[in-house]
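# Sharing a sequence plus its predicted fold:
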Amino acid sequence: MPEGSFQPDMTEIRLHLWHHGWTPVPITSPHYEHPSVSSPGKQPFIKNWTSFRADKLTLSEIQRWVYHQNHPGTGILTGVGGLIAVDIDVTEPDLAARLQRVAAVLLGSSPFLRIGRSPKALLLYRVAGEPTKLATKELWKEIAGKAQIEILGMGQQFVAFGIHPTTKQPYAWPNKSPLEASPSDVPEISEDAVKGFVVAAEGILRGAGYTTVQDSKRSAAEGTKSPIPFGIPSALAFPPSTREEVEAALNATPNTHDWSGWVKIGAAIFHALGDSGEELFLGWSAKSNKNNPEATKAKWNSFRTSPMNQVTAATLFGEARDNGWKPTKPVAKVTDICEVDARKKPVDAGLPVVWFKDIELATEAKDFVQGLLAEQSGVVVYGESNAGKTFWTTDLALHIAVGRPWNGRRVDQGGVIYCALEGGAGFRNRVVAWRAKHCGTDVTLPFAAIPASLDLLAPDTDTPRLIAAITDAASRIQVPVKLIVIDTLSRALAGGNENASEDMGALVRNMDLIREKTGACVLFIHHSGKDQARGARGHSLLRAAIDTEIEVRANEGNGHKTATVMKQREMSKDAVFGFTLEVVVLGKNQHGEEVTTCLVIEQPAKETATSRRTLTLVEQGWLRDLNDIFAAPTGPEKRVPVPGMTPVLTMTREQVRLGLKNKGRFSLAPDGTLTGADRERLRSTLNSLKDKGKVGLTADFVWLL
């Protein structure tokens, strides 16, 4: 309900929730003390509460809860009816607000916003089925404290009404309260969207300087930086705690904690100072009239043998800050670091110059699939629907993850991130079948999937979070990510126009940014156009920007399929890989029907790339003439024919017409102008050369490929 409005007593609240389809649970008092209650004021302490259901609760049972004097709050059970709670447990206001904005974009807006201890927030949504718990890792940063995003599902609950144990204020629903609605009014979203949000949120948190306790300890032991994306110095994200800072924070923190809170403060002191913090802990504990010196000493000794690794100095600093303490050594913000770097002018602002005598032989191989895929390249694999392009790409990607030779070619093992933007179940089944045949279930590979929708059209939507997710994955698998698969290009365009230069140019720019930040090869799976002979669907800017283009075709007569290299910027072209698809039965679904997928079986290629796109004798002659025209000293000029494209040598259509006229390619009218037949011959020949990958065309310009 809106903040400040009248709130009935808890029995009335619980009955009202129950009548409207919610599943209420009683919540303990913030002052409740019991060894089994680790978070008083936030959790129930009543038998079988996780099995409560609105349709099974009774009026008398809810009324009996009033006799539980230590349960004055009310929670709502999640999981029932697909209800989930997105708990944004972040104490930095700007970061918490940013995560709420990201949730609104990825999950949609929800009017059900609960505030307990601002800027932390909780949002309600619904998904199909019975949702399970999902969460980012528990991340930490000195001063700021813990940060985590949790998706509360089956067998969990959140406090909806009552008094917050830290703020001592009522929980608020500033927009819309469950008392004003039923669960069916909660926005429904997909599970893939939820998973995508969790991935994005962890990337954002790590980008803001948060990391796990284990990572920070490992980094400290190894003398290396913590794995924070984008090179933020760990010294800025994790400033060391001094005795003076810890003592100042303790002095600002009143000792009014329950047993659990008291233990956490002690563990935080131990994390910050080790054994040298004992005196501070004993002195602070003595401020409480409940202090038992012997028990306090014993608890401190227990930290030596059984440290609470999930508690860091940030726990103490967070509580002290809530009580008005201000650190003398603030943590640098990511935006501050970026702004300083942006203002700093380099000593030498010129471009790198390598003189003739200093240019050396480059023998290092950048191709991680011999002669086919190279690091930091752009690739398109395209074909008609059901041609087998997704099966073929998945097989190739998994060979890279395992580091096993593929089609007789060397493969350097590397991490693979597969963005399954469509057909999530089909993708999972393909991987399961491949794993069963090639390596077994006990093998761990540097292969991960992102089963979520992505918008790679706008520069500030999903591209940064995808880069963050890839950076995080690379830090976990401990090997470089070699390949990023985007399945499919049309889904990544997020409603953009494939035929528009502006939209395709935006996609290419985001592809380039991903390649630059990750060092990986980015591979799009795409579709053929209506005329398969004209190649991949969409604007020609894409083909000009990529390094490798592979077409997958199926022979409907015999089941034989081919993957043909149609373009290769730096390596040899014309490779053809033959394969067939073998149907595999994985099991049965709930209806008793077989669940199947396919495995790729390598076969000898039955055609060559040159036989597919060989130039006719006439086209060969025209291409020779075009090469002569472009070789003229006063001919081409370097231009950007399509927005976002790399500058290339181009000629205007009029220049090309004049050059070909001088070469005698047209019959000409009596007045020396081109006839209608001449213009049609020019149009069709240039389009054919474009389709065969020899020239690029726009309405105004022509360039050689």
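That came through, no problem. Given the structure is predicted, the values throughout are model-derived calculations rather than measurements. Numbers count the residues shown, from 1 in each chain.

# Check which residues of stretch 694-701 are buried.
For stretch 694-701, a neighbour-count test (16 or more other Cβ atoms under 10 Å) marks 694-698, 701 as buried. C-beta coordinates here come from the backbone N, C-alpha and C atoms, glycine included.

# tell me how far it is from the chain's mean position?
36 Å (Cα atoms, centre = their mean, to the nearest Å).

# Just want the most central residue of this protein.
For the chain, L466 is the residue whose C-alpha lies nearest the centre (Cα atoms, centre = their mean; 3.7 Å).

# count of residues packed around W259?
W259 is flanked by 16 other residues according to other Cβ atoms under 10 Å.

# Tally up the residues packed near A544, please.
Look at A544: counted by other Cβ under 10 Å, it has 18 neighbours.

# does it sit in a helix, a strand or a coil?
Here A544 is recorded as helix under DSSP: H, G, I helix; E, B strand; the rest coil.

# what's the pLDDT at it?
At A544, the model reports a pLDDT of 83.

# just to revisit the earlier point, hmm, which of the buried residues of stretch 694-701 is lowest in pLDDT?
Out of the buried residues of stretch 694-701, that is K694, at 81.

# where's it relative to S528, distance?
Look at K694 and S528: by Cβ to Cβ, to the nearest Å, they are 19 Å apart.

# Give the next helix or strand downstream of the lowest-mean-pLDDT helix or strand in the chain.
For the chain, counting by mean pLDDT, DSSP states H and E, helix 234-237 ranks last in confidence among helices and strands (a mean of 28). Following helix 234-237 in sequence order, the next helix or strand is helix 243-251 (DSSP states H and E).

# CA-only coordinates of that following helix in CSV, if you can.
The C-alpha atoms that make up helix 243-251 are tabulated as CSV, following Å, rounded to 0.1, in the frame of the first residue of the first chain:
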residue,chain,number,x,y,z
ARG,A,243,43.3,-0.4,12.9
GLU,A,244,42.3,3.2,13.1
GLU,A,245,39.5,2.8,10.5
VAL,A,246,38.2,-0.4,12.2
GLU,A,247,38.2,1.3,15.6
ALA,A,248,36.4,4.4,14.3
ALA,A,249,33.8,2.2,12.6
LEU,A,250,33.3,0.2,15.9
ASN,A,251,32.9,3.5,17.9
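
# And the contacts of it?
Applying Cβ atoms under 8 Å, 6 or more residues apart in numbering, the external contacts of helix 243-251 come out as 265, 269, 272-273, 276-277, 280, 284, 313, 316-317, 319-320, 325, 327-329.

# Turn the buried residues of stretch 694-701 into TSV, including secondary structure and distance to N251.
Output for these, formatted as TSV (DSSP: H, G, I helix; E, B strand; the rest coil; distance: Cβ to Cβ, whole Å):
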residue	secondary structure	distance to N251
K694	coil	77
V695	strand	76
G696	strand	71
L697	strand	74
T698	coil	71
F701	strand	72
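
# Make CSV out of the residues you listed and add distance to V565.
Listed next are these as CSV, based on distance: Cβ to Cβ, whole Å:
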residue, distance to V565
K694, 16
V695, 19
G696, 19
L697, 22
T698, 25
F701, 27
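
# Nearest to L660 among those?
The closest of the buried residues of stretch 694-701 to L660 turns out to be V695 (Cβ to Cβ; 12.4 Å).

# ok, now which ones touch S288?
By Cβ under 8 Å, 6+ apart, the residues touching S288 are 255-257, 262.

# What's the PyMOL syntax to select whichever of these are buried?
Only the buried entries of the contacts of S288 go into this PyMOL selection, using 16+ other Cβ under 10 Å:
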select buried, resi 255+257+262
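
# So for the contacts of S288, which is the shakiest by pLDDT?
Lowest-confidence member of the contacts of S288: H257, scoring 78 (pLDDT).

# what about the longest strand in the chain?
The longest strand of the chain (DSSP state E) is strand 576-588.

# So which elements touch that strand?
Applying 3 or more Cβ pairs under 8 Å, 6 or more residues apart in numbering; DSSP states H and E, one finds that strand 576-588 contacts helix 389-402, helix 424-438, strand 561-568, strand 594-603.

# Select, from the contacts of S288, the two members most distant in space.
Taking Cβ to Cβ as the measure, these span a maximum distance of 9.5 Å, between T256 and W262.

# In the stretch 1-150 of the chain, what residue spans correspond to strands?
Per DSSP state E, counting those that start in this stretch, the stretch 1-150 of the chain carries strands over the ranges 24-27, 73-77, 83-89, 113-114, 121-126, 134-135, 139-141, 145-152.

# neighbours around A104, how many?
Using other Cβ under 10 Å: A104 sits among 12 other residues.

# next one: the one 5 residues further on
If you count neighbours by other Cβ under 10 Å, S109 ends up with 12.

# Please renumber the chain so that the first residue is 845 from this point on.
In the new count, where the first residue is 845, that last one comes out as S953.

# What sits closest to it if chain neighbours are left out?
With sequence-adjacent residues excluded and distances taken as Cβ to Cβ, 6 or more residues apart in numbering, S953 is closest to P1031, at 7.4 Å.

# quick one, what contacts that neighbour?
P1031 sits next to 951-954, 969-970 when contact means Cβ under 8 Å, 6+ apart.

# G1215: which of these is nearest?
Within these, the smallest distance to G1215 is 43.6 Å, found for L951 (Cβ to Cβ).

# Settle this for me: that closest one is touching V930, isn't it.
Yes - the criterion here is Cβ atoms under 8 Å, and L951 meets it with V930 at 7.2 Å.

# Can you name the next helix or strand after the helix or strand where the residue nearest to the centre of the chain lies?
According to DSSP H and E, L1310 maps onto helix 1307-1321. Using DSSP H and E, the helix or strand that follows helix 1307-1321 towards the C-terminus is strand 1325-1331.

# Going by contacts, tell me the helices and strands next to that next one.
With contacts defined as 3+ Cβ pairs under 8 Å, 6+ apart, the packing partners of strand 1325-1331 are helix 1233-1246, strand 1259-1264, helix 1307-1321, helix 1345-1362, strand 1365-1371.

# can you put those in JSON lines and add mean pLDDT?
Below are the helices and strands packed on strand 1325-1331 laid out as JSON lines (pLDDT from 0 to 100):
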{"stretch": "helix 1233-1246", "mean pLDDT": "94"}
{"stretch": "strand 1259-1264", "mean pLDDT": "92"}
{"stretch": "helix 1307-1321", "mean pLDDT": "82"}
{"stretch": "helix 1345-1362", "mean pLDDT": "88"}
{"stretch": "strand 1365-1371", "mean pLDDT": "94"}
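
# Same list (those) but as TSV, adding distance to A1336.
Below are these laid out as TSV (distance: least, Cβ to Cβ, whole Å):
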stretch	distance to A1336
helix 1233-1246	14
strand 1259-1264	8
helix 1307-1321	10
helix 1345-1362	7
strand 1365-1371	7
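
# now for these, which one comes closest to G1053?
Counting by Cβ to Cβ, G1053 lies closest to helix 1307-1321 out of those; the figure is 12.7 Å.

# Quick check: chain neighbours aside, which residue is closest to T1542?
Closest to T1542 by Cβ to Cβ, 6+ apart is P1485, at 5.1 Å.
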